[in-house]
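S.K.: model the structure of this input:
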Amino acid sequence: MFVFRLIKMIAVLAILYGVLRVGMGFYVASQFETPEAMQAASARYLGTETSGQAIDSGILFTVGAVVVWMIAMIGQRVTAKDKHS
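M.R.: The predicted model follows:
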């Protein structure tokens with residue numbers, strides 16, 4: 001069904017966003033040595049107080065998107081089985 005494809009596409013985009021956010025968090029954490037510079041870079045590039053908050057939110061976003069993608073896959077298979085029965 002079209003709805004399941006749309007949900008899966010949105011979930012894949014959300015997974016990519018979460019992975020990008022985690023990667024940016026690690027990048028900011030590794031490139032700035034002083035806590036003041038890291039906090040300023042986190043506020044400017046990530047919109048958070050620390051890079052760890054961006055990493056945490058990226059991981060949660062990715063896990064949530066994977067769960068939504070799995071639910072969409074299950075729904076698509078159940079709907080396909082019902083049509084063949």
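S.K.: going by residue numbers, what spans are helices in the protein?
M.R.: Secondary structure of the chain (DSSP state H): helices at 2-31, 35-41, 51-84.
S.K.: switch those over to CSV; also include mean neighbour count.
M.R.: For glycine as for every other residue, the C-beta is placed from the backbone atoms N, C-alpha and C. As requested, these are exported to CSV (neighbours: other CB atoms under 10 Å):
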stretch, mean neighbour count
helix 2-31, 15
helix 35-41, 13
helix 51-84, 15
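S.K.: state the distance from residue 81 to residue 23.
M.R.: According to CB to CB, to the nearest Å, residue 81 and residue 23 sit 38 Å apart.
S.K.: kindly report the same for residue 7.
M.R.: Counting by CB to CB - residue 7 and residue 23 are separated by 25 Å.
S.K.: do the same with residue 13
M.R.: The value you get for residue 13 to residue 23, if CB to CB is used, is 16 Å.
S.K.: so who does residue 23 touch?
M.R.: The contact partners of residue 23, by CB atoms under 8 Å, 6 or more residues apart in numbering, come to residue 58.
S.K.: residue 1 too?
M.R.: Residue 1 makes contact with 76, 79, according to CB under 8 Å, 6+ apart.
S.K.: run the chain-centre distance for stretch 63-72.
M.R.: 10 Å (CA atoms, centre = their mean, to the nearest Å).
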